[in-house]
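*Asks:* Provided below for reference: sequence and predicted model.
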Amino acid sequence: MGIVYKALDPAIGRTIAIKSIRLNDLTDDTERQRLRDRLFREAQSAGMLSHPNIVTIYDIAEEGDMAYIFMEFVNGPPLDRMMASAQPPDKDFLLRIFRQTAAALDYAHKKGIVHRDVKPANIMIDSDGTAKVTDFGVAKIVSQTMTLTGTMMGTPSYMSPEQIQGVPEIDGRADQFSLAASVYEALTGEKPFAADYLPTLLFKVVREDFVAPQRLNPTLGPRVETVLRRAMAKQPADRYETCEEFIGVLAAACRATPDWAPMPRNTMQNMPTTGSIATPKLEPTAPATFAPVPPRRRPEPRHTVRNALFMIAAAAAISAGAFFAIRSGAEKQIVGTENPAPEPQPKQPSTAVEPSPDASALPAPETKAAGDARAPTPAPAQKEAGATDAPGNAPPLPEPSTFELTATPPGSTAIFDNDPNLHCDTPCEIPLPPGRHTFTVNSPGYREERRIIEIPRDTGIIVNLEKSAGTVSVTSNPPGLAVSIDGKVQSRRTPAMFTVAPGRHHVEVAKGAEKRESNVEVHDGGTTDLNIDWQ
């Protein structure tokens, strides 16, 4: 869909990623405008997400038939690339990455946003080992209907049955199914559902069960299969309540067999068949001969196949517009490319979808010198007859509009367009010029919230900040033990995950009258593991 650049924002000197998106793929003007409106709406929904494990969106610019999305630069590869290596990622590393991914997804679900395309390629790994979920491009506000009913969106191998069936009301449990499919692949080296033809693949996801993971990876115990079958249940109501609960139970199931290890990809291709396991392999004494079989013509694909392929193509087009945020007046400096039409290069760490094979056909990005902070200059519009450059003929500057901001808790500080001089303490009124603006709202002990507004269309907004919180994952052997945190007895028994404020906490795990005590440090948005083994 476009090219991803590593770039420098000269305003504050930070390295960012710029994803270029083509808007002219649709020849129909009405459909193209509808696609653009959808992308900008979803940009506003992505602007609501502020979490340590979700890629941050800074800005958006539009010039001609291209849109440029400015986002956080993730200095590391996607999980998909790590899984494709000959040596699979470490088991503890995988569990930590999936736990962080689950926390990010649950955070988005509480905001009413469903990712709809969770897969290893959309989980970036930063240089410090932090997971960053990217490409909420097919996400939408649950309460809105920005897509036509029945439109299928997502990657088929990881899609939930309800997405394939076009269920209009999709919730966070669809992401849980996709996350479980990604976990299955990471543990076994194989996707849970695979087929040569799209209709067959879709049928398997909706109707058939996956191969037991312990058959592909003998180091896994049967408890892992039980957890994955619930997380990938055909009916959303049969799955776990949250993604974090799913990963917490999965971690406990994996620890039940301490020597487990993830398998590299393509495990199934190298496995012996059932017959070869039961009997020794026999060498043929003579070449085998077979009677010729008349060729059978495969039935012509009908509307089902055509529609499915169209919907997948549409999903790919939509997913390219992943994250958006808007900040008027910002200048960007692209660290130049040497070739006007870049050839495919080795994959670079970025927060966006990778360039398509036809990326060389895209308009060549304008190259800027490293010290040139100017943004690409659009062609000047043609002057009307009789117009001059005299100062007296310049149009008057648009009048600013008053924007009202209310936040919970009161007294939160809002900063507009990353300008420290453009701020106020809520509740407040602030004059803003016409156009798109971004602002952040901060308060001690609460998570930062980011919003996108359009002046003068938006006259006011209410922002409710969430308290900073982390998670303590407590597992035990044997399971079913009582847990107390900071002297307060918890209602859930091990294995369980508990949400607590950031800081140091005292945890007790009781087995009858016997107790084990530990002090844990919890960070905002993070998960701290505590495993108690009585044996």
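*Replies:* That came in fine, so what should we check first?
*Asks:* check contacts around residue 194.
*Replies:* 157, 201, 204 (CB atoms under 8 Å, 6 or more residues apart in numbering). C-beta coordinates here come from the backbone N, C-alpha and C atoms, glycine included.
*Asks:* go again with 6 Å.
*Replies:* Residue 194 makes no contacts at all, as judged by CB atoms under 6 Å, 6 or more residues apart in numbering.
*Asks:* residue 525 now?
*Replies:* Taking CB under 6 Å, 6+ apart as the criterion, residue 525 is in contact with 51, 52.
*Asks:* which element is it on?
*Replies:* Following DSSP states H and E, one finds residue 525 outside all helices and strands.
*Asks:* show me the domain layout of this structure.
*Replies:* The record's domain split for the chain, according to automatic domain parsing, is 4-74+306-361, 79-272, 401-464, 470-533.
*Asks:* pLDDT weak spots in the protein?
*Replies:* 1-2, 25-27, 31, 35, 38-45, 47, 137-155, 266-397 (pLDDT under 70).
*Asks:* which residues in it form helices?
*Replies:* Secondary structure of the chain (DSSP state H): helices at 29-46, 79-83, 91-110, 161-164, 172-188, 198-207, 213-216, 222-231, 243-255, 267-270, 274-278, 303-319.
*Asks:* just send those helices back as JSON lines, with mean neighbour count and distance to residue 466 too.
*Replies:* Below are these laid out as JSON lines (neighbours: other CB atoms under 10 Å; distance: least, CB to CB, whole Å):
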{"stretch": "helix 29-46", "mean neighbour count": "17", "distance to residue 466": "16"}
{"stretch": "helix 79-83", "mean neighbour count": "19", "distance to residue 466": "27"}
{"stretch": "helix 91-110", "mean neighbour count": "22", "distance to residue 466": "8"}
{"stretch": "helix 161-164", "mean neighbour count": "20", "distance to residue 466": "28"}
{"stretch": "helix 172-188", "mean neighbour count": "26", "distance to residue 466": "16"}
{"stretch": "helix 198-207", "mean neighbour count": "16", "distance to residue 466": "34"}
{"stretch": "helix 213-216", "mean neighbour count": "18", "distance to residue 466": "35"}
{"stretch": "helix 222-231", "mean neighbour count": "19", "distance to residue 466": "26"}
{"stretch": "helix 243-255", "mean neighbour count": "24", "distance to residue 466": "15"}
{"stretch": "helix 267-270", "mean neighbour count": "12", "distance to residue 466": "41"}
{"stretch": "helix 274-278", "mean neighbour count": "9", "distance to residue 466": "52"}
{"stretch": "helix 303-319", "mean neighbour count": "16", "distance to residue 466": "27"}
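*Asks:* now distance to residue 73 too, for these, in JSON lines please.
*Replies:* What follows is these, written out as JSON lines (distance: least, CB to CB, whole Å):
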{"stretch": "helix 29-46", "distance to residue 73": "16"}
{"stretch": "helix 79-83", "distance to residue 73": "17"}
{"stretch": "helix 91-110", "distance to residue 73": "18"}
{"stretch": "helix 161-164", "distance to residue 73": "30"}
{"stretch": "helix 172-188", "distance to residue 73": "23"}
{"stretch": "helix 198-207", "distance to residue 73": "34"}
{"stretch": "helix 213-216", "distance to residue 73": "35"}
{"stretch": "helix 222-231", "distance to residue 73": "32"}
{"stretch": "helix 243-255", "distance to residue 73": "26"}
{"stretch": "helix 267-270", "distance to residue 73": "34"}
{"stretch": "helix 274-278", "distance to residue 73": "49"}
{"stretch": "helix 303-319", "distance to residue 73": "20"}
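*Asks:* so which of those comes closest to residue 468?
*Replies:* Among the helices of the chain, helix 91-110 comes nearest to residue 468, with 11.9 Å by CB to CB.
*Asks:* out of the helices of the chain, flag the one nearest residue 124.
*Replies:* Going by CB to CB, the one of the helices of the chain nearest residue 124 is helix 79-83, 7.6 Å.
*Asks:* surely residue 481 is in contact with residue 496?
*Replies:* No: between residue 481 and residue 496 there is no contact under CB atoms under 6 Å: 9.8 Å.
*Asks:* so these two - more neighbours on which side?
*Replies:* Taking other CB atoms under 10 Å, residue 481 and residue 496 do not tie; residue 481 has more neighbours (23 against 20).
*Asks:* OK, contacts around the more buried one?
*Replies:* Contacts of residue 481 (CB under 6 Å, 6+ apart): 493, 494, 509, 511.
*Asks:* so the third one bridges to which residues?
*Replies:* Spelled out, that is residue 509. Note on residue 509: beta-bridge partners by DSSP bridges are residue 483, residue 516.
*Asks:* tell me how many other residues crowd it.
*Replies:* 22.
*Asks:* cool, and the second one?
*Replies:* When neighbours are defined as other CB under 10 Å, residue 494 has 23 of them.
*Asks:* which residues touch the closest residue in space to it that isn't next to it in sequence?
*Replies:* Nearest residue to residue 494, sequence neighbours excluded (CB to CB, 6 or more residues apart in numbering): residue 476, at 4.1 Å. Applying CB under 6 Å, 6+ apart to residue 476 gives the contacts 494, 509, 532.
*Asks:* quick check, nearest of these to residue 19?
*Replies:* So of the contacts of residue 476, ranked by how close each gets to residue 19 (CB to CB), first place is residue 494, at 42.9 Å.
*Asks:* could you pull up the residues touching the closest one?
*Replies:* 474, 475, 476, 479, 481.
*Asks:* bridged to the first one, which residues?
*Replies:* Beta-bridge partners recorded for residue 474 (DSSP bridges): residue 496, residue 530.
*Asks:* returning to what we had before: okay, the contacts of residue 481 in TSV with distance to residue 178 next?
*Replies:* Listed next are the contacts of residue 481 as TSV, based on distance: CB to CB, whole Å:
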residue	distance to residue 178
493	29
494	27
509	33
511	37
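*Asks:* just the closest of the residues you listed to residue 68, please.
*Replies:* Nearest to residue 68 among those, with distances taken as CB to CB, is residue 494, at 48.7 Å.
*Asks:* can you pull the phi/psi pair for the closest one?
*Replies:* With angles defined as degrees, to the nearest 10, residue 494 sits at phi -70, psi 150.
*Asks:* residue 243 versus residue 169, what's the distance?
*Replies:* Distance, residue 169 to residue 243, using CB to CB, to the nearest Å: 18 Å.
*Asks:* ok, the nearest residue to residue 94 once chain neighbours are set aside - contacts?
*Replies:* For residue 94, ignoring the flanking residues on the chain, the nearest one in space by CB to CB, 6+ apart is residue 186 at 5.5 Å. Counting by CB under 6 Å, 6+ apart, residue 186 makes contact with 83, 94, 262.
*Asks:* return the member of these nearest to residue 457.
*Replies:* Closest to residue 457, out of all of the contacts of residue 186 and judged by CB to CB, is residue 83, at 44.2 Å.
*Asks:* what is the burial count for residue 14?
*Replies:* Count around residue 14 with other CB under 10 Å applied: 12.
*Asks:* please report how far it lies from residue 37.
*Replies:* To residue 37, residue 14 is 30 Å away according to CB to CB.
*Asks:* can you tell me how far the nearest residue to residue 210 once chain neighbours are set aside is from residue 235?
*Replies:* Excluding its sequence neighbours, the residue lying closest to residue 210 (CB to CB, 6+ apart) is residue 192, at 3.7 Å. Applying CB to CB, the value for residue 192 to residue 235 is 16 Å.
*Asks:* what bridges to the nearest residue to residue 460 once chain neighbours are set aside?
*Replies:* Using CB to CB, 6+ apart and skipping the chain neighbours, the partner closest in space to residue 460 is residue 404 (3.5 Å). Taking DSSP bridges as the rule, residue 404 bridges to residue 429, residue 460.
*Asks:* wait, residue 404 sits on residue 461?
*Replies:* No: look at residue 404 against residue 461 with CB under 6 Å: they stay out of range, at 7.8 Å.
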